[in-house]
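Q: Sequence plus predicted model, see below.
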Amino acid sequence: MRTKHAMIEIWHETLLSRKKVGTITRRDGKYILVYDEAYLNWADSTPLGPDLPLSKQIHVSKSFWTSLNEALPPRDTAHYKDYCDAAGIDIKETDPLILLSTVGKRGASSFVFEIVHDENTMENSAKFLRYLQKEAKLSLADIALMFNIPKLSIFKLLHGQLKEPMIPRLISLYQKYPDMTLSELSKNTSVSASKKERLMKVLRMGNL
């Protein structure tokens, strides 16, 4: 499940430093990029692209910026599906914020794009896991094994202690794309057939 107001943090990374560049949010159908003031004052700062100059701290647009779209791998590249699979997203995903923070997270430049999850995303992910526990009669260890997520991370998520933002995003993708989840689950040989079938049945119901 996507957050209502998705947010991405942008970082400038080198071997010796990591500086926050700014944030991108989506509100009321518009994309808003805000450069961090400290980054603007940094002597070595560079813009994210020609359509996002440092002369303006705040950029607002109804469409996603060309410079950031160009940071994404081309869909027609032979390895695009592999990139999507590695990032845990559907190959048909079109949300630019999701794409930028997954398949475009680390491009050829020094800029890094990281998704930020609010408390609502954490709560929805935890609710989904509790639903699977109850309806499919699975333990935390079962869910961890099925989704290839550390058991401790799932425990922390359920208790509001998780700091890793990508795990809730992964879980939300499992919830949003049950067909993809079922496909991946069918390949998992570490889970018993009976438990796998119970989870598949619940995912097919799709009425959390």
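A: Received it, and whenever you're ready, just let me know what you need.
Q: For the longest helix seen in the chain, name the packing helices and strands.
A: Under DSSP state H, the helix in the chain containing the largest number of residues is helix 119-136. If you count contacts as 3 or more C-beta pairs under 8 Å, 6 or more residues apart in numbering; DSSP states H and E, helix 119-136 packs onto helix 140-147, helix 151-158, helix 166-176, helix 193-205. (Glycine included, C-beta is placed from N, CA and C.)
Q: Which residues does it contact?
A: 1, 3-4, 138-140, 143, 154, 157-158, 160, 162, 167-169, 171-172, 174-175, 195, 198-199, 201-202, 205, 208 (C-beta atoms under 8 Å, 6 or more residues apart in numbering).
Q: Next: stretch 193-202.
A: Stretch 193-202 has contacts (C-beta under 8 Å, 6+ apart) with 131-132, 135-138, 142, 146, 182, 185-186, 188.
Q: Break this protein into its domains for me.
A: 7-116, 119-205 (automatic domain parsing).
Q: Need the ones you listed in a markdown table (columns: mean pLDDT).
A: Output for the domains of the chain, formatted as a markdown table (pLDDT from 0 to 100):
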| stretch | mean pLDDT |
| --- | --- |
| domain 7-116 | 89 |
| domain 119-205 | 81 |
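Q: now these as a markdown table including mean neighbour count?
A: Below are these laid out as a markdown table (neighbours: other C-beta atoms under 10 Å):
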| stretch | mean neighbour count |
| --- | --- |
| domain 7-116 | 15 |
| domain 119-205 | 16 |
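Q: what about the helices and strands packed on helix 119-136, which gets the closest to Ile8?
A: helix 166-176 (11.5 Å; C-beta to C-beta).
Q: on that earlier part again, distance to Leu99 added to the helices and strands packed on helix 119-136, as TSV?
A: Output for the helices and strands packed on helix 119-136, formatted as TSV (distance: least, C-beta to C-beta, whole Å):
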stretch	distance to Leu99
helix 140-147	22
helix 151-158	24
helix 166-176	13
helix 193-205	24
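Q: Out of those helices, which is closest to Glu13?
A: So among the helices and strands packed on helix 119-136, helix 166-176 is nearest, using C-beta to C-beta, at 16.7 Å.
Q: And the helix or strand following that closest one, what does it pack against?
A: Next helix or strand after helix 166-176 toward the C-terminus (DSSP states H and E): helix 178-186. Helices and strands touching helix 178-186, by 3+ C-beta pairs under 8 Å, 6+ apart, are helix 166-176, helix 193-205.
Q: any idea what sits nearest the residue most central in space within the chain, other than its immediate chain neighbours?
A: The C-alpha lying nearest the average C-alpha coordinate of the chain belongs to Arg169 (C-alpha atoms, centre = their mean; 4.5 Å). What sits nearest to Arg169 in space, not counting adjacent residues and going by C-beta to C-beta, 6 or more residues apart in numbering, is Ile115, at 5.8 Å.
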